[in-house]
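Asker: no sequence on this one, just coordinates:
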């Protein structure tokens with residue numbers, strides 16, 4: 001299969017198109033075997049956009065890819081980031097909550113921590129039984145102002161905005177530029193109530 005074949009599939013699924021079983025099998029086979037020259041990121045992205053949650057175990061394998069490798073491999077960081085985005089934000093799978101929470105605070109890549117922090121809000125909103133845990137973790141992340149990368153900190157606020165069901169049109173364009181004093185107190189109050197922490 002040519003690289004163009006997979007890129008065409010990605011373009012199609014990004015536009016809401018469907019894949020045939022044969023095409024999906026080729027993507028899965030390429031990702032599992034590593035026998036294609038195509039970047040695994042593209043293959044994983046295709047799977048994520050198909051919405052085929054029966055492939056969640058395959059995507060899950062990428063939640064920790066490269067963590068045991070001491071080299072700073074941005075490609076592996078981006079695979080972890082995409083796996084969290086697929087499972088936590090696009091598919092909103094309850095079973096990845098612990099992995100997402102751990103990545104939000106412990107992953108060495110700020111890009112991975114950013115998507116994980118934001119995904120906490122998606123998972124808490126989607127699954128009421130996770131709401132209080134998600135809220136507590138988002139508040140913990142917001143408490144790291146000045147100690148954490150500002151973009152990661154802004155992503156914790158983005159997660160809080162999602163959990164508080166703030167419309168995208170009413171959100172700050174650059175949450176990483178805010179300070180704790182400039183955060184929306186109504187949002188924080190709602191998140192604190194979910195966490196069982198009044199004022």
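Answerer: That came through fine. If you're wondering where the values come from, they're calculated on a predicted model, not measured in any experiment.

Asker: tell me how far stretch 143-155 is from the chain's mean position?
Answerer: 17 Å (CA atoms, centre = their mean, to the nearest Å).

Asker: quick check: phi and psi on residue 64?
Answerer: phi -120, psi 10 (degrees, to the nearest 10).

Asker: what of residue 164?
Answerer: The phi/psi pair for residue 164 (degrees, to the nearest 10) is phi -80, psi 0.

Asker: these two touch, right, it and residue 190?
Answerer: Yes: between residue 164 and residue 190 a contact is recorded at 4.4 Å, counting by CB atoms under 8 Å. Any C-beta I mention is one placed from the backbone N, CA and C, and that applies to glycine too.

Asker: of those two, who's got more company?
Answerer: residue 164 (21 against 17; other CB atoms under 10 Å).

Asker: check the gap between that one and residue 157 for me.
Answerer: The spacing between residue 164 and residue 157, counted by CB to CB, to the nearest Å, is 10 Å.

Asker: swap in residue 63?
Answerer: Distance from residue 63 to residue 157, by CB to CB: 24 Å.

Asker: which one of the two is surrounded by more residues?
Answerer: Between residue 63 and residue 157, counting by other CB under 10 Å, residue 157 is the more crowded of the two (28 against 22).

Asker: residues contacting the closest residue to the more buried one other than its chain neighbours?
Answerer: Using CB to CB, 6 or more residues apart in numbering and skipping the chain neighbours, the partner closest in space to residue 157 is residue 175 (4.5 Å). Contacts for residue 175 were tallied using CB atoms under 8 Å, 6 or more residues apart in numbering; they are 154-155, 157-158, 161.

Asker: biggest helix in this protein, by residue count?
Answerer: helix 110-126 (DSSP state H).

Asker: please enumerate residues in contact with that helix?
Answerer: So helix 110-126 is contacted by 77-78, 80-81, 84-85, 88-89, 92, 94, 96-97, 100-101, 103-105, 107, 130-131, 133-135, 137-138, 141, 149, 151-152, 154-156, 158-163, 165, 194 (CB under 8 Å, 6+ apart).

Asker: model confidence for the residue positioned nearest the centre of the chain, exactly?
Answerer: Residue closest to the mean C-alpha point of the chain, counted by CA atoms, centre = their mean, is residue 85 at 2.9 Å. Here, the pLDDT recorded for residue 85 equals 98.

Asker: alright, calling it a day.
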